[in-house]
Structures are given as C-alpha cells and as structure tokens.
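S.K.: heads up, no residue letters with this:
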Ligand code: NAD
C-alpha cells in the first residue's frame, strides 16, 4: 500500500518506519527541511531504540522523506501526525492539522481514486468530522464519499515507541464510512492486535480518555504517596497490594515526582478545556493537574528541610528527560525543579544520559556533566528526577558530595541511600 505520513516527529517517524516494516511504501511529508535531510540520510532526528536500524533498512527503498505533498496524489492513505500543542488557555491548537488537511485537499483535486485521510494526531473530539473533513472536501472540490475519513489514534510510549507501534495492545479505527475503516484495518493487517472499529469522534475521545485515566492513576498514586509519607507507610507496599486487584492492574501506580512529556499534561489540559467549553466542570481532571504541578516542588521542600536555605548551595539534578530511554524533555518535571532551584539561588549541576543537549536550550546557565559522579562532586544535595536504570547502580558515587542529602523522586536508587519523595 502507498502511504503518506504528514509530520516526521515522534509519531510520524515511528509510524512511517513501522509501516515500512509492515511492507508498505511510505513517504514522510515534513515541513522541517533539516529533519527531511536527516531522515533521508538514515539519521534519526530523535532517539528511539531500533529506529536507526529500521531507517538503514528502508530509507531509499520503501521509505523516503520530502518537504513536498506530491506523494499524496499517488497514496491510498494519508496519516496526519503533526503536533497539537497546548494554547495558553490549555485548549489544543489544531492549526497544524488544518494546514495539513488543506494541503492534502489540494493534492487530491485532480485525483479520482479513493483516498483515506486519517488523523493519527491526538485531537479534540469532533475535530475530524467538523474541521478536517470540510477543509479537505472544500480544498479538493470533491463530494462526500469521494474521499474517506478515519481517526486512528496512536498509543505508543516514547522510549519504547517502535516496540509499541509494532506490538500494540489494540488498534482503534474510527471511520465515517465502512470502506475507509476497512482500508485502515488492511494497512495494519501485518500486526497481531485486536482492532476496535468505531466512529470518528469516539476514536478521538478514546485517546483523550486513555491519557486522562493514566494521568489520573499517577496523580492518585502521588496523593496517596504524600499521605503515606506523613503516616510513615511505604506507598510502594500499599500500591503493590492495591495493584493485585484484577479490577485495577498494577500499572501506573508508581508514586514519584509527577508526569511530564508531550502528551499527558497537554491532553489532560485539553480535555479539561473541552469540558469547560461545554459547561461540564472538570473537577477530577483539574485535581489531576494540580497534584502534578505541586509534586516536583515536594522534592524542593524536602531538600530545603535538610539543607536549609538553598542560596549558593550546589545541587545535583540527576535525570532531565521526562522519562527513561528518551532524550525528550517536553514538560519534564526536571524543568520545574531546576526553575525552582535557580529562583532560590542554588547552583545546579545536571546529568542525563541522553537529554543534556536538549536541556541546554532551556537552561544554558547550569552546569552539565557527562556522568552522575561529576555532577555530584562537592554537591550539598542531590535530586533524582528520571528513572534511568543506570541510577540504580549509584552508590559510592555519592561519597564525592559535600553532604549526602539525596532525594529520590522515582524510587530508582538502592534502598537506604536516599529519602524518597513519598516513601
Ligand atoms: P512532534 O512535534 O514530535 O512532530 C510533529 C512534526 O510535524 C514536526 O516535525 C513538525 O515539523 C511537523 N509538521 C508540522 N506541521 C506540518 C505540516 N503542515 N506538514 C508537514 N509536517 C508538519 O509531535 P509528536 O510528538 O509526533 O506528536 C504528534 C501528535 O501525536 C500530537 O497530536 C501528539 O499529541 C500525538 N501523540 C504523541 C505521542 C508521543 O509520545 N509523542 C504519542 C501518541 C500521540
């Protein structure tokens, strides 16, 4: 099948590589010419396991990137994978989606074969039906039925993105008409996963609801963790017992310093904003966001309780990426933590196995180190913010600190070394 993927970011590049692995001919359409060059040279612009190997395998054969939308004319399916960032009021910015929709429409004007425009980005319920569909039909000068529309949300986790794409828990396909849904189902026929076929808007809502529920589990675990800490109970023992209930599952019950990344904060905010717009007060979603906002600052309070005033104190921050196995720092809790440390006059030395370079763009003024030990030299305190497995081996490295005050925000250090944020 010939497929055009619009947007060569995390979702676009992973989907395109995964679909090439499934045997399809894929063109990535990306407005950033530097990214296009990198992809065409089999250099991944992001870090993901096995991505480089897949690019080496398919680039120049069944995978190519371009700044032009021309491939849409020949494609059976276009997958819109552009960003939907938060606007200042928390709602989702769908302007990139609409721009992609118009350009797809342009390219379909002179084509008569059936084409399915598929939204893979996370968009507010109703976006495809009320905005994408009319924009494509108007621009292409086609009638309803001449072009198909589908919604196929992506559930990959950064850091394990290709594995998730190729072995998903489920494939959700929302479609306007049966034919479009069948074409998208055929596109995934190489994957072994249950398929849920539904309506366009329900598929959009499934993605928001999944992310909101995962974020809720995390904030819930964090709030219980804060209570447990005051009661001197280990929240990890508590959640182990809770997670054994088959109705709940043990996943996403790890208390810590909160969730970040490009999806949970933005999607929960967008869902809360949608609820407000339609007159439904999102009490629970607001609380999920509020707990998450406060949680990283708990690490600062714990640190201050032990070190006193932070002015001119050297604090090592271990972990900058929003999670392990990625260099992505979008909405990382490390950003909130470093901001707070700097405001209080601390000197920050930081180390992340992959994300130092990205964080330099936000905080050029802090000290970046090439390993944890260097960051810890003469430090008055240490905050562990990302669950990188290599941090679980740290032990003697802490001996180079001036004072061994260590706060673990992810339960990754060996027992007895650190004080936990909520254990
Ligand atoms: P991203 O910012 O990494 O990538 C988006 C890409 O689209 C960028 O490279 C940008 O240059 C390009 N682009 C923007 N407008 C374009 C246009 N008109 N034509 C061609 N290219 C264009 O974003 P992402 O993380 O891949 O997320 C994309 C969507 O998928 C978002 O809606 C996001 O919420 C959703 N999503 C993301 C993840 C994730 O883990 N990152 C997981 C599931 C869903």
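M.R.: Looks like it came in fine. Only a predicted model underlies this, so the values are computations on that prediction, with no experimental measurement involved.

S.K.: going by C-alpha atoms from here, please, whenever you check contacts or count neighbours.
M.R.: Will do.

S.K.: for the stretch 1-150 of the chain, which residues are neighbours of the ligand?
M.R.: Residues of the stretch 1-150 of the chain lying near the ligand by Cα under 6 Å from any ligand atom: 6-12, 29-32, 81-84, 96, 99-100, 121-122.

S.K.: buried set for the longest helix seen in the chain?
M.R.: When the chain is scanned for its longest helix (criterion: DSSP state H), the result is helix 200-230. Neighbour-count burial for helix 200-230 flags 200-208, 211-226, 228-229 (criterion: 16 or more other Cα atoms under 10 Å).

S.K.: and stretch 295-308, by the same measure?
M.R.: For stretch 295-308, burial by neighbour count (16+ other Cα under 10 Å) applies to 295, 296, 297, 298, 299, 300, 302, 303.

S.K.: my guess is the last one meets residue 403, correct?
M.R.: No. Proximity of residue 303 to residue 403 does not meet the contact threshold set by Cα atoms under 8 Å, at 11.7 Å.

S.K.: quick one: common contacting residues for the two?
M.R.: residue 381 (Cα atoms under 8 Å, 6 or more residues apart in numbering).

S.K.: give the contact list for residue 206.
M.R.: Per Cα under 8 Å, 6+ apart, neighbours of residue 206: none.

S.K.: so how far is residue 157 from it?
M.R.: Applying Cα to Cα, to the nearest Å, the value for residue 206 to residue 157 is 16 Å.

S.K.: domain-wise, how is this protein divided?
M.R.: 2-198, 208-294, 297-420 (automatic domain parsing).

S.K.: can you list the ones you listed in a markdown table and add mean pLDDT?
M.R.: A markdown table is the format used below for the domains of the chain (pLDDT from 0 to 100):
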| stretch | mean pLDDT |
| --- | --- |
| domain 2-198 | 97 |
| domain 208-294 | 97 |
| domain 297-420 | 97 |
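
S.K.: what two of the buried residues of stretch 295-308 are the furthest from one another?
M.R.: 295 and 303 (13.3 Å; Cα to Cα).

S.K.: all strands for the stretch 51-200 of the chain, in order.
M.R.: Using DSSP state E, counting those that start in this stretch, the strands of the stretch 51-200 of the chain run over 63-66, 77-80, 116-119, 148-151, 171-175, 195-198.

S.K.: what's the most buried one of those strands?
M.R.: Ranked by mean neighbour count under mean count of other Cα atoms under 10 Å, these are led by strand 148-151, which reaches a mean of 29.

S.K.: in its sheet, what does it sit against?
M.R.: Strand 148-151 sits in its sheet next to strand 116-119 (parallel), strand 171-175 (antiparallel), going by DSSP bridges.

S.K.: and that strand, how far out from the chain's middle?
M.R.: Counting by Cα atoms, centre = their mean, to the nearest Å, strand 148-151 is centred 23 Å from the centre of its parent chain.

S.K.: contact partners of that strand?
M.R.: Outside strand 148-151, the residues touching it (Cα under 8 Å, 6+ apart) are 114-120, 128, 133, 172-177, 179-181, 184, 200-201, 203-204.

S.K.: over to stretch 258-275?
M.R.: Under the criterion Cα under 8 Å, 6+ apart, residues 85-86, 89-92, 122, 124, 208, 211-212, 215, 218-219, 222, 281-282, 285-286, 289, 292-293, 295-296, 322-323, 328-333 lie in contact with stretch 258-275.

S.K.: can you select the buried ones from those in PyMOL?
M.R.: Buried subset of the contacts of stretch 258-275, written as a PyMOL selection, criterion 16+ other Cα under 10 Å:
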select buried, resi 85+86+90+91+92+122+124+208+211+212+215+218+219+222+285+286+289+292+293+295+296+322+323+328+329+330+331+332+333
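
S.K.: just the ones of the contacts of stretch 258-275 in helices?
M.R.: Mapping the contacts of stretch 258-275 onto helices (DSSP H) picks out 208, 211-212, 215, 218-219, 222, 285-286, 289, 292-293, 295-296, 333.

S.K.: gap between residue 347 and the ligand?
M.R.: Residue 347 sits 31 Å away from the ligand, taking Cα to the nearest ligand atom, to the nearest Å as the criterion.
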